[in-house]
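Chemist: Sequence first, predicted coordinates after that:
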Amino acid sequence: MRLRLRTVACLAAAALAFSERVGAAGLSTVQVASGLSAPVYATAPTGDARVFIVESGGRIRILKDSAILEPPFLDIQGRVSTSCECGLLSAVFPPSYAQDGAFYVYYTAPSSAPGGITSHVSRFHAKAPFATSTTADASHEEPIFSLAQPYSNHNGGTLAVRGGFLYLGLGDGGSGGDPENRAQDDNSLFGKLLRFDLSQQNPAAEVWAKGLRNPFRFSFDRVTGDLYIGDVGQNKREEIDVTPAGAPQGLNYGWAVMEGSECYKPVPGAPPCHDPSLTLPVTELPHSVYETPPCGVAITGGSVYRGAAIPSLRGEYFFSDYCVGKVWSFRWDGAGGTVGPVVDRSSELVPDQGQLANLTAISEDGFGELYFVNLNDGSLHKLLPEPGSCALGLSALAMLAALCARPRDPAGSRGLCRENAL
Ligand SMILES: [Ca+2]
């Protein structure tokens with residue numbers, strides 16, 4: 001018994017030393033796809049080893065075994081407008097996808113609306129067998145929601161599923177400064193987080209939260225259900241809003257009364273600036289932190305890492321800025337509602353090929369591993385442990401295990417390494 005306890009203690013110490021190393025400086029990125037046409041998002045059905053890449057021109061491509069499959073999984077290029085902040089902007093596979101093949105997309109289409117576009121959420125179906133399907137039936141589109149845009153910008157762009165509901169983030173309608181105060185207007189669907197009951201064949205749009213300017217990217221933590229919104233700022237502040245899964249419906253994130261934690265403008269009928277009813281960001285990036293921004297600034301909300309490759313990183317939220325080309329991360333303490341240090345990860349994540357710039361998404365595959373989507377050069381990069389982390393970890397493990405009273409368990413150590421190396 002005494003020997004066994006000492007062995008367990010030794011191996012635990014080895015595992016701790018290993019995980020601290022990976023957590024401290026053990027990250028890298030590897031280019032896994034290139035030659036894509038204006039990619040904006042990556043996702044996958046839960047447990048599917050493939051990656052489904054959304055191209056803004058109207059195609060969804062499948063990355064399988066390091067190759068992009070032909071033909072595309074979905075091709076609706078003729079229905080999509082591609083100028084400005086437009087196009088096919090996201091796709092989501094609900095948990096029921098393996099049973100019924102149904103998935104949802106969000107895109108903008110040319111229209112006679114004042115902004116020249118109309119936003120659409122539609123349901124499509126993969127061709128059977130669903131779990132391994134490589135093509136969807138583009139000819140059978142089921143409209144779920146549409147909304148004519150008053151201006152061409154601030155179109156939101158993300159769909160996500162939580163607890164049987166489909167969520168859509170919509171911008172304030174566009175222009176600048178929310179001229180018609182739509183984000184605070186309960187009679188308008190702009191500037192809102194909407195949700196749809198997926199148990200309904202034709203679900204109605206329900207306002208879940210308001211006071212958003214342009215939540216281009218938001219996500220749910222796949223373990224906790226907490227909501228992370230990257231809301232693009234106006235002139236001064238980019239913000240991240242984090243809301244626990246159990247928060248009530250009807251939160252007001254402040255725009256255009258407030259831009260981040262600063263007052264922006266009084267809005268008739270809305271709470272005043274700093275009113276306690278407003279939900280303020282958990283962290284924000286003042287524009288003053290950027291040095292000579294190349295094209296302005298626009299936050300790209302990301303995702304919480306929940307993969308298997310880097311266990312010490314689980315729970316860490318990664319985000320970027322489309323224009324500035326940096327990647328940051330922080331850890332949100334759901335119980336205390338506090339935010340850990342915001343860490344600039346950019347130098348750690350320099351990839352083997354290409355670069356992490358013009359990121360339109362940091363999103364997840366079917367196992368919670370993270371991908372960086374570069375719109376400008378058409379590439380996709382995957383977050384991985386730093387090369388050699390596993391070998392170094394094994395060295396530490398072997399050294400410490402050798403001090404134990406009996407030989408280490410080879411199967412156990414391989415298990416640790418495998419978990420960190422994939
Ligand atoms: Ca806000």
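Modeler: Now that the structure is in, tell me what you want to look at.
Chemist: Could you double-check that S56 sits in contact with C84?
Modeler: No. If you go by Cβ atoms under 8 Å, S56 and C84 don't touch, sitting 10.6 Å apart. No exception for glycine: its C-beta is placed from N, CA and C like everyone else's.
Chemist: out of everything not next to it in sequence, what's closest to D241?
Modeler: What sits nearest to D241 in space, not counting adjacent residues and going by Cβ to Cβ, 6 or more residues apart in numbering, is I229, at 4.3 Å.
Chemist: what about S56 and C84, which has more around it?
Modeler: In this view S56 and C84 are compared by other Cβ atoms under 10 Å, and S56 has more residues nearby, 23 against 16.
Chemist: for the residue nearest to that one when sequence neighbours are not counted, what are its contacts?
Modeler: Excluding its sequence neighbours, the residue lying closest to S56 (Cβ to Cβ, 6+ apart) is G87, at 3.2 Å. Listed by Cβ atoms under 8 Å, 6 or more residues apart in numbering, the contact set of G87 reads 38, 40, 56-58, 80-81, 107-108.
Chemist: quick one, domains of this structure?
Modeler: 1-26+387-422, 27-385 (automatic domain parsing).
Chemist: and the longest one, how far apart are its ends?
Modeler: Using Cα to Cα, to the nearest Å, the span of domain 27-385 from its first residue to its last is 5 Å.
Chemist: what's the answer for stretch 227-245, then?
Modeler: So stretch 227-245: terminal residues 7 Å apart, Cα to Cα.
Chemist: If you average the pLDDT over the helix or strand where the residue nearest to D241 lies, what comes out?
Modeler: For I229, the element it lies in under DSSP states H and E is strand 227-231. For strand 227-231, mean pLDDT is 98.
Chemist: residues in contact with it?
Modeler: By Cβ under 8 Å, 6+ apart, strand 227-231 touches 162, 169, 193, 212-221, 238-245, 247, 253, 255, 281, 299-304, 317, 319, 332.
Chemist: Swap in 6 Å and give it another go.
Modeler: With contact meaning Cβ atoms under 6 Å, 6 or more residues apart in numbering, strand 227-231 is reached by 212-213, 215, 217-220, 239-243, 299, 301, 317, 319.
Chemist: Please apply the same query to stretch 130-145.
Modeler: With Cβ under 6 Å, 6+ apart, stretch 130-145 has contacts from 69, 73-76, 98, 101, 121-127, 205.
Chemist: how many other residues sit next to the closest residue to the ion within the stretch 301-422 of the chain?
Modeler: At 12.5 Å from the ion, G301 is the closest residue in the stretch 301-422 of the chain, using Cβ to the ion. Neighbour count for G301, taken as other Cβ under 10 Å: 27.
Chemist: For H125, which non-adjacent residue is closest in space?
Modeler: Using Cβ to Cβ, 6+ apart, the closest residue to H125 is G101 (4.5 Å).
Chemist: residues in contact with the one you found?
Modeler: Contacts of G101 by Cβ under 6 Å, 6+ apart are 125-126, 130.
Chemist: Mind checking which of those residues land in strands?
Modeler: With DSSP state E as the criterion, strands contain H125 from among these.
Chemist: Tell me the one of the contacts of G101 nearest T46?
Modeler: F130 (12.8 Å; Cβ to Cβ).
Chemist: and the closest residue to V343 other than its chain neighbours, what is it in contact with?
Modeler: Among residues not flanking V343 along the chain, S329 sits closest, at 5.3 Å (Cβ to Cβ, 6+ apart). Taking Cβ under 6 Å, 6+ apart, we find S329 in contact with 316, 318, 343, 345.
Chemist: at 7 Å instead, please
Modeler: Shown in contact with S329 (Cβ atoms under 7 Å, 6 or more residues apart in numbering): 316-318, 343, 345.
Chemist: got a markdown table for those, with distance to L370 too?
Modeler: Formatted as a markdown table, the contacts of S329 follow (distance: Cβ to Cβ, whole Å):
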| residue | distance to L370 |
| --- | --- |
| E316 | 10 |
| Y317 | 10 |
| F318 | 6 |
| V343 | 15 |
| R345 | 11 |
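Chemist: Show the buried residues in the residues you listed.
Modeler: Buried residues within these, counting neighbours by 16 or more other Cβ atoms under 10 Å: 316-318, 345.
Chemist: Give me the subset of these that lies in strands.
Modeler: Using DSSP E, the buried ones among the contacts of S329 in strands are 316-318.
Chemist: count of residues packed around the closest residue in space to I362 that isn't next to it in sequence?
Modeler: Leaving aside its chain neighbours, I362 sits nearest to G302 (3.3 Å; criterion: Cβ to Cβ, 6+ apart). Residues lying near G302 (other Cβ under 10 Å) number 26.
Chemist: need the contact list for G302.
Modeler: Taking Cβ under 7 Å, 6+ apart as the test, what G302 contacts is 217, 219, 317-320, 362.
Chemist: Next: D221.
Modeler: 228, 304 are the contacts of D221 under Cβ under 7 Å, 6+ apart.
Chemist: mind redoing it with 10 Å?
Modeler: By Cβ atoms under 10 Å, 6 or more residues apart in numbering, the residues touching D221 are 162, 227-228, 242, 244-245, 303-306, 315, 317, 332, 334, 368.
Chemist: Which members of those residues are the farthest-apart pair?
Modeler: Longest span within these, Cβ to Cβ: P244 and G368, 19.2 Å.
Chemist: okay, how far is it across stretch 119-139, tip to tip?
Modeler: End-to-end distance for stretch 119-139, by Cα to Cα: 19 Å.
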